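A.B. asks: requesting a structural model of the entry that follows:
(3 chains)
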Amino acid sequence: MTDQIREQVSALLDGELASGEISLLVRRMERDAELRRAFGNYVLAGESLRAPGGLTASPAFAARVSAALEADGAAVAAPPVAVKHAPRRWMRPLAGAAVAAGAALAAVLFVPTGDEGAGLLADRTDVPSPITVASLPPGGSSPTPAQNQRLAGYLVAHGQYASAIGRRTAWSNALAADPGITRVAREIVERP
Amino acid sequence: MRRVLALAVAGVVALALPSAEAAGPTAREWLERMTESLATRDYDGLFTHTVGQQSETMRIVHRMEGGRSVERLVSLDGSGREIVRTPGEVHFYMPDRRVVLVEPRSDEGSLLKALPAPGPRLDSLYTLELRKGHRLLGRDVRVVDVRPRDEYRYGYRLWLDQKTAMPLRSEVVDGSGKTVEAIHFTQLKVGEGIDPRHLQPAVDTTGFQWIRAGRRAEPRVAGPPSASWLPRKMPPGFRLVVSRSQAVPGSPIPMQHLIFSDGFASVSVFIEPAPAKGPAPSESTTVGSANAFSTQMSGHVVTAVGEVPAATVRDIATSLAPVDAELPRTVTAPGPAER
Amino acid sequence: MANFPPSDGSIDGHELRDARERPASGVEQSDLELVRRVQRGERGAFDLLVLRYQHRVVKLVARLLRDPTEAEDVAQEAFVKAYRAISSFRGDSAFYTWLYRIAVNTARNTMASRQRRPLDYEADLSESEQSVVESRMRHGDTPEAAALSEEIHQTVNRAVEDLPEDLRTAIILREIEGLSYEEIAAAMDCPVGTVRSRIFRAREAIDRNLKPLLD
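C.D. replies: Now for the predicted structure:
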């Protein structure tokens, strides 16, 4: 059995594994460190043949990356909109984060279920359920992708009315408004 | 609340300003030339956009078509996002969200080119200085320094091409002169034939969700403020210049969009009915040199956004109050804030 | 072995051009499939992409930073960024092209933050600078890493030389010439299944030699 699986690993590396077999193998490799190790060495063999003596990643590198992603946890790679079914539901804005981001974005925030206007909405699995103040960490918490989107669209609406320089900066910020690319600081300021 | 002239008029007037300085165009005149270049020339360039330690490369293409500008701004560093402004609409493509946001195109910031308004008002808010700069991208440059006189606004440092007045570099600076944000061109082609195909988005939007704003909104120059919101006390220098309302799909109540300007910087305020759920804390957000402040009052969500310091958007947002028929209009001390 | 030119170009842009000369290869397709799986939430698929491209990214970043010692930290950051941005990968370029851009961007930001000012120009290394960096790496400015790379290279070479001819030919055609299984089958006049098996057995032999070195 092992040889057959390992041969699949070799074929996967060459992009010669049938699509149907990939999922199963990937899942197997998730559980089996030895298969991953073998895959890594197959890769290394190729790199070494092509560029002898060049710098290579240390043996522990891939595991480090994996651990870093693990530590990142929920903040990472929110599954995108391509979900199997898209139930429409009342999209409640995040507590305090009802950034009125222009009419286009308002549709994302406030359109109720069953409304024709809800055609504008698909299931947003990356929008968390409403958060109460208590559960939001104070100061400097990272915004969710949905919040970034609102803010970004919002900067676009505003940018139209700014000067040419102002529009350039507002729109550049809208384009860059993404976790990891632009730092966005958020504070929850209690109203006096 | 005094009536404000459309800044388009102010722009025309500004061009006719007599120069108080000696020979050569003044700093203000350089800014006017810059604004005109940005609005009317064809260009295609690459620049880095830097905020803090993060830097991103983008491309801008700008072309005049039948007297109207068409513009495209593309992020080149992996997200694939871009903004395209066509004669009718502004499209914001977000391939990472598989979404395209569509806003109707306003008339062109002709109302608000932020040509510095003439006269003492601008001088009381900013100092302008002109000097020669080092060469950039193989061109001679003049540097214009716009320094705020108070902490309510940002300054700008602009490196303008001697020949075309195009800003080869522009930086937003805070009161202490520290750079908050920078845009540096690494390549810039001006005035040569720009292929209209370069203004087409590179995004395949199959399967994307298109989120459109409501029916086309017409911006109105501010007369008496429309609808029911008035600023009670604003940071110095800011006046309401545009007021517009826009339908919100799925809601009978339109959204208000007010724009305040000090003649140079502008702040947008969006006002919408609050969602059914209870009150929410106010919130401050920063993206580059843009700050946003969002708060709830009188059953509405009020959000201010602009390239000004955080305190300014907060002050502007919290200065607004609904005009109630029963309440007297006051422009003095604000009454107790409603939740 | 020394006669075979590295298909891994040493100049920025070269790698990208090579990728585009051939029509979408099996590797690009399989990368795309892996990415789709990541986008659907399968973390394991991303680990495989890391395994596949870790050496190239580390090497690329080391060149741009002009300093091999930080390369792994920055390379790690690039992979994390790629993971976070994975939903924005649309498949109209090769995955590695996209990853390459992210790695370059990450390296530039690192350099910029060290110098405390944004970069004025596209900071790609000139050729002469590159060769300086390469030779530093070869001659052991980071002795451990360079020594290990050299040992890996020797081990792989020896293992390949010791292979029976049909296995050696198959692995060379695959790894250095970049031929698909079908193309190799045509070249060696044997069935595709045989090609697959030969390449596998060649890799197993190399792996047996590498294992004690790296464990």
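
A.B. asks: who touches the helix or strand encompassing residue C:195?
C.D. replies: Taking DSSP states H and E as the definition, residue C:195 sits inside helix C:192-214. For helix C:192-214, the surrounding residues in contact (C-beta atoms under 8 Å, 6 or more residues apart in numbering or on different chains) are A:6-7, A:10-11, A:14, A:16, A:38, A:41-42, A:44-45, A:59, C:151-152, C:155-156, C:158-160, C:162-163, C:166-168, C:170-171, C:174, C:181-182, C:184-185, C:188. All C-beta atoms are positioned from the backbone trio N, CA, C, and that covers glycine.

A.B. asks: what do you get for stretch A:13-28?
C.D. replies: Contacts of stretch A:13-28 (C-beta under 8 Å, 6+ apart): A:5, A:8-9, A:11-12, A:35, A:39, A:42-43, A:46, C:25-31, C:33-34, C:37, C:42, C:44-45, C:48, C:52, C:174, C:180-181, C:196, C:199.

A.B. asks: out of the residues you listed, which are buried?
C.D. replies: A:5, A:8-9, A:11-12, A:35, A:39, A:42-43, A:46, C:25-28, C:30-31, C:33-34, C:37, C:42, C:44-45, C:48, C:52, C:174, C:180-181, C:196, C:199 (16 or more other C-beta atoms under 10 Å in any protein chain shown).

A.B. asks: and the most centrally placed residue in chain C, what pLDDT?
C.D. replies: By C-alpha atoms, centre = their mean, chain C has its centre lying nearest to residue C:56, at 3.3 Å. Looking at residue C:56, its pLDDT reads 90.

A.B. asks: domains for the chain, by residue range?
C.D. replies: Went with chain A since none was named. Listed domain ranges for chain A are A:2-75, A:78-192 (source: automatic domain parsing).

A.B. asks: you answered for a different chain; I wanted chain C.
C.D. replies: C:1-141, C:142-215.

A.B. asks: skip the chain neighbours and tell me the closest residue to residue B:196.
C.D. replies: Distances taken as C-beta to C-beta, 6 or more residues apart in numbering or on different chains place residue B:63 nearest to residue B:196, at 6.6 Å, with adjacent residues excluded.

A.B. asks: how deep is the one you found tucked in, by neighbour count?
C.D. replies: 19 (other C-beta atoms under 10 Å in any protein chain shown).

A.B. asks: who touches it in this structure?
C.D. replies: Contacts of residue B:63 (C-beta under 8 Å, 6+ apart): B:42, B:69, B:70, B:71, B:194, B:196, B:199.

A.B. asks: quick check: next helix or strand after the one helix or strand residue C:57 maps to?
C.D. replies: Residue C:57 is located in helix C:43-65, with elements delineated by DSSP H and E. Tracing the chain past helix C:43-65, the next element assigned as helix or strand by DSSP H and E is helix C:71-84.

A.B. asks: that following helix vs chain A: in contact?
C.D. replies: Yes - among the residues of helix C:71-84, C:71, C:72, C:75, C:76, C:79, C:80, C:81, C:83, C:84 lie within reach of chain A under C-beta under 8 Å from any C-beta of the partner chain.

A.B. asks: got it, and stretch B:27-47?
C.D. replies: Yes - if you take C-beta under 8 Å from any C-beta as the test, stretch B:27-47 does meet chain A, through B:34, B:35, B:38, B:39.

A.B. asks: residue boundaries of the helices in the stretch 201-339 of chain B?
C.D. replies: B:310-319 (DSSP state H, counting those that start in this stretch).

A.B. asks: now do the contacts for the residue in chain C that chain B sits nearest to.
C.D. replies: Nearest residue of chain C to chain B: residue C:88, at 3.3 Å (C-beta to the nearest C-beta). When the contact criterion is C-beta under 8 Å, 6+ apart, the partners of residue C:88 are B:78, B:79, B:80, B:81, B:95, B:96.

A.B. asks: give me the pLDDT for it.
C.D. replies: 81.

A.B. asks: quick one: stretch C:158-170 near chain A?
C.D. replies: Yes - using C-beta under 8 Å from any C-beta, a contact is recorded between stretch C:158-170 and chain A, made by C:159, C:160.

A.B. asks: err, stretch C:98-105, not the other one
C.D. replies: No - shown here: stretch C:98-105 not in contact with chain A (C-beta under 8 Å from any C-beta), separated by at least 8.7 Å.

A.B. asks: for that stretch, give me every contacting residue.
C.D. replies: B:55-57, B:76-78, C:12, C:15-16, C:49, C:53, C:57, C:60-61, C:64, C:75, C:78, C:81-82, C:85, C:89.

A.B. asks: can you give me how far it is from the chain middle?
C.D. replies: 13 Å (C-alpha atoms, centre = their mean, to the nearest Å).

A.B. asks: just the buried residues of it, please?
C.D. replies: Neighbour-count burial for stretch C:98-105 [16+ other C-beta under 10 Å]: C:98, C:99, C:100, C:101, C:102, C:103, C:104, C:105.

A.B. asks: specify which member of the residues you listed is nearest to chain A.
C.D. replies: Distances from chain A to the buried residues of stretch C:98-105, taken by C-beta to the nearest C-beta, are shortest for residue C:105, at 8.7 Å.

A.B. asks: buried ones from the contacts of helix C:192-214, can you make that a PyMOL selection?
C.D. replies: In PyMOL, this line selects whichever of the contacts of helix C:192-214 come out buried by 16+ other C-beta under 10 Å:
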select buried, (chain A and resi 6+7+10+11+14+16+38+41+42+44+45+59) or (chain C and resi 152+155+156+159+160+163+167+168+170+171+174+181+184+185+188)
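
A.B. asks: so of the contacts of helix C:192-214, which ones are in helices?
C.D. replies: A:6-7, A:10-11, A:38, A:41-42, A:44-45, C:151-152, C:155-156, C:158-160, C:166-168, C:170-171, C:174, C:181-182, C:184-185, C:188 (DSSP state H).

A.B. asks: that older thread, among the domains of chain C, which is nearest residue B:241?
C.D. replies: domain C:1-141 (32.7 Å; C-beta to C-beta).

A.B. asks: if we can go back for a sec, CA-only coordinates of the helix holding residue C:57, as PDB, when you get a sec.
C.D. replies: Extracted C-alpha coordinates of helix C:43-65, given in PDB (Å, rounded to 0.1, in the frame of the first residue of the first chain):
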ATOM      1  CA  ARG C  43      -5.400  23.800   5.100                       C
ATOM      2  CA  GLY C  44      -3.400  20.700   4.200                       C
ATOM      3  CA  ALA C  45      -3.400  21.700   0.500                       C
ATOM      4  CA  PHE C  46      -1.600  24.900   1.400                       C
ATOM      5  CA  ASP C  47       1.100  22.900   3.200                       C
ATOM      6  CA  LEU C  48       1.800  21.100   0.000                       C
ATOM      7  CA  LEU C  49       2.200  24.400  -1.900                       C
ATOM      8  CA  VAL C  50       4.700  25.500   0.800                       C
ATOM      9  CA  LEU C  51       6.600  22.300   0.400                       C
ATOM     10  CA  ARG C  52       6.700  22.700  -3.300                       C
ATOM     11  CA  TYR C  53       7.900  26.300  -3.400                       C
ATOM     12  CA  GLN C  54       9.700  26.800  -0.200                       C
ATOM     13  CA  HIS C  55      13.200  26.600  -1.700                       C
ATOM     14  CA  ARG C  56      12.500  28.900  -4.600                       C
ATOM     15  CA  VAL C  57      10.900  31.500  -2.300                       C
ATOM     16  CA  VAL C  58      13.700  31.400   0.200                       C
ATOM     17  CA  LYS C  59      16.300  31.700  -2.500                       C
ATOM     18  CA  LEU C  60      14.400  34.600  -4.100                       C
ATOM     19  CA  VAL C  61      14.000  36.400  -0.900                       C
ATOM     20  CA  ALA C  62      17.700  35.900   0.000                       C
ATOM     21  CA  ARG C  63      18.700  37.600  -3.200                       C
ATOM     22  CA  LEU C  64      16.400  40.600  -2.700                       C
ATOM     23  CA  LEU C  65      17.400  41.100   0.900                       C
END
